[in-house]
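> Provide a 3D model corresponding to the input given below.
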Amino acid sequence: MSPMLIGIDVSLRSHHVQFMDGDGRSLASFSVPNDQTGADTLIHRMLDTASKEKVEHLHIGMEATSNLGWHLAHYLKNELQSYEPNVKSQVFVLNARKVARFKKGYDTLPKNDRIDAWVIADHLRFGRLPHEMKDIIQYEALQRLTRTRFHLMKNIKRDKTYFLNQVFLKFSGMRQDNPFSNTFGNTSLAVIQELEPDQIMAMSMQELIEFLQDKGKNRFENPEEIATYLKKIARSSYRLDKAMADPVNISLATTLSVIQHLESEVKKLDKEIAKIMKGIPETLSSVKGIGPVFAAGILAEIGGIDRFDNHADLAKYAGLVWSQNQSGEFEAEETSRMRTGNKYLRYYLVQAADSVRKHDTEYGSFYQKKYDEVPKHKHKRALVLSARKLVRLVFMLLKTNKMYTPPERRNR
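Sure thing, here's the model as predicted:
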């Protein structure tokens, strides 16, 4: 017997619901408030309709729309069986992009909540559904922290780009060819914030060297070389109009303060993530370069590895797959990565791959090989391909629950 299909279009204040049978016939269409009372009303109406239609299976679908449907999905998952244990229910959280593409198959459908709920129910009817939602709360709790960290890191990256644009106004040479390995290191920031190009030119070589040694805490092996280069780029830099000097300096100081505050918040999150990870058995951190934060980011998005049949499925879920461009006898040599998948999982896999390749000879050699293959986008391409390689290892470690053996120890 076909299941009854329940499509739910979620929103902040209410949800529109569409009941449909296996033949596509509409059984009911209504709205409920987005609260626990509304969820109870929905459950009662689902069970009453299922009893009337003599249906024992319910397929419930909603889009992964922010967090607006989170409470409802988990409430339905946990409460339905206690209401009526003889009715089996499955909750599916659907990819909004896939639902939108499915809807394009209907040429004349308008855009409103009632129609969107109908489309979701019809999508359930056609099948090819993702795995049923699993209520693994420990991973979802971890996910709150790792996704917040992702959000902060993106903001830091954006603010650093903005900061560097301001640096060009004040000291163009420092933006074009910074003599320090880290633009946001203490000495580099001290030069940017405390000195103007004209001041650097006016300082004696000894004064500039003493400034660098003081800010760098005597860690520079050859401060004379850095001082000489600073004078060179100061000489060739643009001079900023005096009316712009204070606004640019204030902008730099404010932006830097925001960056430093966000970085301190990321450190707090990292400590909390590490604390939670101590209570979660896992083998990912046996790979040198994958610490508790990267392991947490990967685990939180994967949830249970049993959701995936093989590493290719996991790679597809992460969006680490490449499209094929083939027709007849022609097949393109260059293909682009498909712009789909879980962006959080992809981020943590790429970050982990960047760290692993610095510690593991196998991944380091693979990265270098891919780096040398192309003339442009070398690092980005090599890193993403290394992340795809890492997916195989992640899948194997989680599936077998075994520790990783590095290359140098395998043949002993």
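> residue ranges of the helices in the stretch 151-300 of the chain, please?
172-176, 186-194, 197-202, 205-215, 223-236, 242-277, 292-302 (DSSP state H, counting those that start in this stretch).
> and those helices, which is most packed in?
Among the helices of the stretch 151-300 of the chain, helix 292-302 has the highest mean neighbour count (mean count of other CB atoms under 10 Å), at a mean of 24. Using the backbone N, CA and C atoms, a C-beta is placed for each residue, glycine as well.
> now the residue sitting nearest the centre point of the chain, what are its backbone angles?
Note on the chain: the residue nearest the mean C-alpha position is Y344, at 2.1 Å, using CA atoms, centre = their mean. Backbone torsions of Y344, given as degrees, to the nearest 10, read phi -70, psi -50.
> what about T361, neighbour count?
Neighbourhood size, T361 [other CB atoms under 10 Å]: 11.
> can you pull the contacts of the residue nearest to it when sequence neighbours are not counted?
Among residues not flanking T361 along the chain, P407 sits closest, at 5.3 Å (CB to CB, 6 or more residues apart in numbering). P407 makes contact with D360, T361, E362 under the criterion CB atoms under 8 Å, 6 or more residues apart in numbering.
> same question for R239.
Each residue near R239 by CB under 8 Å, 6+ apart is listed here: P197, D198.
> cool, and K134?
K134 sits next to G303, G304, R307 when contact means CB under 8 Å, 6+ apart.
> if we go to 6 Å?
Going by CB atoms under 6 Å, 6 or more residues apart in numbering, K134 touches G304.
> gap between it and A73?
Counting by CB to CB, to the nearest Å, the separation of K134 from A73 is 11 Å.
> check V10 too.
Distance, V10 to A73, by CB to CB: 9 Å.
> just A253 next, same as before
A253 is 45 Å from A73, by CB to CB.
> now the closest residue to N86 other than its chain neighbours: how far from G216?
Distance criterion CB to CB, 6+ apart; nearest residue to N86, sequence neighbours excluded, is E56 at 6.7 Å. Relative to G216, E56 is positioned 73 Å away (CB to CB).
> sorry, back to before: any idea of the pLDDT on the residue nearest to T361?
The model reports P407 with a pLDDT of 84.
> repeat that for Q324.
Reported pLDDT for Q324: 54.
> isn't the residue nearest to the centre of the chain up against E301?
Yes: using CB atoms under 6 Å, Y344 and E301 qualify as a contacting pair, with a distance of 5.2 Å.
> low pLDDT regions in the stretch 251-400 of the chain?
Residues of the stretch 251-400 of the chain that meet the criterion pLDDT under 70 lie in 323-335.
> so which residues of it form strands?
Secondary structure of the stretch 251-400 of the chain (DSSP state E, counting those that start in this stretch): strands at 326-327, 330-331.
> and what of the stretch 51-200 of the chain?
For the stretch 51-200 of the chain, applying DSSP E, counting those that start in this stretch gives strands covering 57-63, 88-94.
> buried deepest among these, which one?
Ranked by mean neighbour count, those are led by strand 57-63 with a mean of 23 (mean count of other CB under 10 Å).
> mind saving the C-alpha coords of that one as PDB?
In PDB, the C-alpha atoms belonging to strand 57-63 read as follows (Å, rounded to 0.1, in the frame of the first residue of the first chain):
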ATOM      1  CA  HIS A  57       2.800   4.600   6.500                       C
ATOM      2  CA  LEU A  58       3.400   8.300   6.500                       C
ATOM      3  CA  HIS A  59       6.100  10.100   4.500                       C
ATOM      4  CA  ILE A  60       6.600  13.600   5.800                       C
ATOM      5  CA  GLY A  61       8.800  16.100   3.900                       C
ATOM      6  CA  MET A  62       9.900  19.600   4.500                       C
ATOM      7  CA  GLU A  63      12.800  21.700   3.100                       C
END
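> other SSEs contacting that strand?
Applying 3 or more CB pairs under 6 Å, 6 or more residues apart in numbering; DSSP states H and E, we find strand 57-63 packed against strand 4-9, strand 88-94, helix 113-126.
> switch the cut-off to 8 Å
Where contact means 3 or more CB pairs under 8 Å, 6 or more residues apart in numbering; DSSP states H and E, strand 57-63 is packed against strand 4-9, helix 36-53, helix 70-83, strand 88-94, helix 113-126.
> next, the buried residues of the second one.
By that I understand helix 36-53. Under the neighbour-count criterion of 16 or more other CB atoms under 10 Å, helix 36-53 has G38, A39, L42, I43, R45, M46, L47, T49, A50, E53 buried.
> need these in TSV (columns: pLDDT and distance to N401).
As requested, those are arranged in TSV below (pLDDT from 0 to 100; distance: CB to CB, whole Å):
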residue	pLDDT	distance to N401
G38	96	41
A39	96	36
L42	96	39
I43	95	37
R45	96	43
M46	95	38
L47	94	39
T49	95	43
A50	94	39
E53	93	44
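> can you give me the domain assignment for this protein?
4-133, 143-271, 284-409 (the TED database).
> which of the ones you listed sits closest to M277?
domain 284-409 (4.2 Å; CB to CB).
> quick one, what contacts the residue nearest to A312 when sequence neighbours are not counted?
Nearest in space to A312, with sequence neighbours left out and distances taken as CB to CB, 6+ apart, is V321 at 7.9 Å. By CB under 8 Å, 6+ apart, V321 lies in contact with A312, A315, R337, M338, G341.
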